[in-house]
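# model the structure of this input:
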Amino acid sequence: MLKLTQEIKEKIKVAAFGGLKKNTQHDKTVTVCLQTDGKDKVPVRVLILPKIAAPIEKCGISCS
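Numbers count the residues shown, from 1 in each chain. This is a model prediction of the structure:
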């Protein structure tokens, strides 16, 4: 598990795919550094989301 320090909370509006109803949620942000092939470090602010999407259950699609 990463031990990252929360910086700020971002307010975002989220809707399900194809949905018209939007919910507002406040999510944590942190900055992580990505290292390039040239060894440069690039800071990137990212959202920490508890769940990106709920699992699709019993949708009638075969995954075999």
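# now find how far off-centre the lowest-mean-pLDDT helix or strand in the chain is within its chain.
Ranking every helix and strand in the chain by mean pLDDT, DSSP states H and E puts strand 9-15 at the bottom, with a mean of 83. Here strand 9-15 is found 10 Å from its chain centre; the criterion is Cα atoms, centre = their mean, to the nearest Å.
# check stretch 10-24 too.
Per Cα atoms, centre = their mean, the displacement of stretch 10-24 from the mean C-alpha position of its chain is 13 Å.
# can you give me the end-to-end span of it?
Its first and final residues considered, stretch 10-24 spans 10 Å by Cα to Cα, to the nearest Å.
# the lengthiest strand in the chain to strand 9-15, inter-axis angle?
Criterion DSSP state E: the longest strand present in the chain is strand 22-35. Orientation note: strand 22-35 sits at an angle of 120 degrees relative to strand 9-15 (axes from the mean of the first three to the mean of the last three Cα atoms, to 10 degrees).
# in strand 22-35, which residues are buried?
27-28 (16 or more other Cβ atoms under 10 Å). Where you see a C-beta, it was placed from the backbone N, CA and C, and this is true even at glycine.
# coming back round to it: could you list the paired strands of the least confident helix or strand of the chain along with their orientation?
For strand 9-15, the paired strands and their directions (DSSP bridges) are strand 22-35 (antiparallel).
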